[in-house]
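[1] give me a 3D structure for the following:
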Amino acid sequence: MKIKALKDRGEQLFNKRHGLLSLWQEIASNFYPERADFTNIRNIGDDMAGHLMTSSPAIARRDLGNAFSSMLRPTAKEWFHVGTSRPDTQDTEAKQWLEWATKLTRNAMYDRPAQFNRATKEGDHDFAAFGQCVISTELNLKTNTLLYRSWHLRDVAWVEDEAGEASTVYRKWKPTAIDLKTMFGNKIHEKVAKKLSKTPYDEINVWHIVMPTEAYQDVESSKKINQPFVSIYIDVDNEHIIEEVGQWVNMYTIPRWATVSGSQYAHSPATVTALGDARLIQTMTSTILEAGEKAVNPPLLAIQEAIRSDVSVYAGGITWVDADYDERLGEVLRPMTQDKSGLNFGLDVNESIKEQIFEAFFLNKLNLPPTGGPDMTAYEVGQRVQEYIRNALPLFEPMEADYNGRLCENTFDIMLRAGAYGDPRNIPKSIQGADIRFTFESPLHEASEKAKVGQFMEAQQILAQAINLDPSTALIIDGKKATRDVLEAVAPADWLNTESDVDAMIAQQQQEQETQQMLDQMAQGATIAKDLGQSNMDEMPA
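    Below you'll find the model as predicted:
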């Protein structure tokens, strides 16, 4: 049967990554306690972080996860631009259409019902902790806006195709009976329909499968699908296929940070590096807290025969002592002598481990290095910027293409199919048939662009020295091109005139200068003619 074949494939994927859940549970317990329900069943009201002695590992994950959105998707600016694979063919009309498409796409993504911020915020923290996340992009039930949702890694398994793309995705889901009715209407199983009157909030075990059509055609009794992908909803409890339709794009975006050959699952370099330190700092903190408690409230030694009551060490407490006891034999109750010299050493080591965890999460790489004062040369400034770029690239480069890029591409494709950009035949002819490409504006991109400023200043210094030796070296650099490249790195594009506008203004200035020179020559010629005429009249006999 078709259902059994699809379930067998899914069970194979879920069973294959069963051991990975234990690792994810350990990572979540140390760095992401809110997500620590991979192998544990969590009840509402559980103290999620009650087992932690220190919050340092969780804070490091939190700060890195928050940095992703602020660095790569700043809401205060347009962090992406719609372009094409053929920028050389873009005319003014095409550029205007692409700018309009950029604004329309951004408005759709940040529409409140689309829940883009919520989905990417959850995805960012999964990405920071586990090195991957799963976000779906689709139209909502009313098909009047987009809908983004982030899914728990525990419930999703996938397989790579021959190109290394996560093409086939299985997702376990537990919607309520009333949710299924709202989504699928009369397509639900009759047993689910019966629950609506008495227990509408009973959860139903459902699987959602998205796979390439070629792979689906190998399944027994598969129906003909014309789109590249097929979406299948299966009611597992009742062995019932709820829906089986084609899709033009794979609705699941699965960005992966660091991958290794032989596995479709990635990992986070941050948590892989810091997991041992996280375990260590929890144990160390527990020991230090216990040592500190002993230092403040030390254990006591008591003479058994001399104590007549319970030892009351709280404020205002009274401990009764035998009146006949001779205190020359020693104090009846005294604190135990302890060596506290190791406490400061433990605190120092604890701080060192904390710094290592923050370094493992790249938190020391997020800010530009200090400039070093006004006496720094342009070369030194440029080198510091290059150092920042080299340190930050491993962190942000995979996310721009694999995370932001795929989300934007899926969004554009879905909106295009839904007619959000109007009739495709109205797209400017110069870009019709070209592949849509997205470019991104991030602090990393800005830093690499601002490196040109240091190069420009350094080139000026070199050129100034060269001109003293040979004045003709001033002609080596194309001043207009160099200045434009530098200004584009530090000034908004709206501030700059286009090359054609600048050429037109230069041509107009040259024409005005030529006209003024002609007028000056005509005026000078008229003056000369007047002077000659006056001279001839003076020379004529009276």
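[2] tell me which element Met48 is part of?
    For Met48, there is no helix or strand it lies in under DSSP states H and E.
[3] my guess is it contacts Tyr32, does it?
    No. Applying Cβ atoms under 8 Å as the test, Met48 and Tyr32 come out as separate, 9.5 Å apart. (Glycine included, C-beta is placed from N, CA and C.)
[4] between those two, which one's more packed in?
    Neighbours were counted for Met48 and for Tyr32 using other Cβ atoms under 10 Å; Tyr32 has more, 23 against 17.
[5] which ones are touching the spatially closest residue to that one that is not a sequence neighbour?
    The shortest distance from Tyr32 to any non-neighbouring residue, by Cβ to Cβ, 6 or more residues apart in numbering, is to Ala129 (4.4 Å). Neighbour list for Ala129: Ile27, Ala28, Phe31, Tyr32, Arg35, Arg61, Gly65, Ser268, Thr271 [criterion: Cβ atoms under 8 Å, 6 or more residues apart in numbering].
[6] over to Glu99?
    Val82.
[7] could I get the phi/psi values of it?
    Dihedral pair for Glu99: phi -60, psi -40, per degrees, to the nearest 10.
[8] if we can go back for a sec, what average pLDDT does the helix or strand harbouring the residue nearest to Tyr32 get?
    Taking DSSP H and E as the definition, Ala129 sits inside helix 116-130. For helix 116-130, mean pLDDT rounds to 96.
[9] from the chain's centre, how far out does it sit?
    Remark: helix 116-130 is offset 8 Å from the chain centroid, using Cα atoms, centre = their mean, to the nearest Å.
[10] in that helix, what's buried?
    Residues 116, 119-130 are the ones in helix 116-130 that count as buried (16 or more other Cβ atoms under 10 Å).
[11] in CSV, list those along with distance to Ala163.
    Listed next are the buried residues of helix 116-130 as CSV, based on distance: Cβ to Cβ, whole Å:
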residue, distance to Ala163
Phe116, 27
Ala119, 26
Thr120, 25
Lys121, 30
Glu122, 28
Gly123, 23
Asp124, 26
His125, 28
Asp126, 24
Phe127, 22
Ala128, 27
Ala129, 27
Phe130, 23
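[12] nearest to Tyr421, of those?
    Closest approach to Tyr421 among the buried residues of helix 116-130 (Cβ to Cβ): Phe116, at 18.4 Å.
[13] and that closest one, how close does it get to Tyr32?
    Distance, Phe116 to Tyr32, using Cβ to Cβ, to the nearest Å: 21 Å.
[14] what do you get for Leu20?
    Look at Leu20 and Tyr32: by Cβ to Cβ, they are 15 Å apart.
[15] can you pull the domain assignment for the protein?
    With automatic domain parsing as the criterion, the domains of the chain are listed as 1-35+54-68+94-297+340-362+397-439, 299-337.
[16] out of those domains, deepest packed?
    domain 1-35+54-68+94-297+340-362+397-439 (a mean of 17; mean count of other Cβ atoms under 10 Å).
[17] mind listing the helices for the stretch 251-400 of the chain?
    Applying DSSP state H, counting those that start in this stretch to the stretch 251-400 of the chain gives helices spanning 269-296, 341-360, 378-399.
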